[in-house]
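> take this sequence and fold it.
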Amino acid sequence: MQYVRVYTGSDGETHFEDLEIELKEVNFAPPAPPVQLSEANAAKQWMYFAIPSGWAGDWHPTPTRQAFFYLAGQSEIEVSDGEIRHFGPGDVVIVEDTTGKGHRSWTVGDVTSLQVCVQMTEEG
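Modelled structure (predicted):
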């Protein structure tokens, strides 16, 4: 499974990084058949985000490590090295730029961007 990481590099700029999570076959809920599962990651809390059409957030670091799971609508994120990426349903973004200039983001199109946000522990 692939996801995008937003992080602050040693240069102080925010960047994107494409990563992959390894999935292994696990008997998760016997007697149901095995499923593909990643390693567990600690989380503090989770919430739904509904970001309306036309919303734009200027430069900001993330307040804590967060994973965003896109359910509906679309948005774009710009990192401080100048790269812009487009995200929509099925995309996963882990945001870790808690220092530096951060990133900016905005909704795209006429549909509310619906996401699930999972706030993670600092160590992973």
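> how close does the spatially most distant residue from the centre of the chain sit to residue 5?
Relative to the centre of the chain, the most outlying C-alpha is that of residue 31, 32.6 Å out, by CA atoms, centre = their mean. To residue 5, residue 31 is 37 Å away according to CB to CB, to the nearest Å. The C-beta positions use only the backbone N, C-alpha and C, and glycine is treated the same way.
> with residue 56 instead?
22 Å.
> looking at those two, which is more packed in?
Neighbour comparison, residue 56 and residue 5: the larger count goes to residue 5, with 16 against 11 (by other CB atoms under 10 Å).
> what sits closest to that one if chain neighbours are left out?
Using CB to CB, 6 or more residues apart in numbering and skipping residues adjacent in sequence, the residue nearest residue 5 is residue 17, 4.3 Å away.
> now that neighbour: how far from residue 50?
In terms of CB to CB, residue 17 sits 27 Å off from residue 50.
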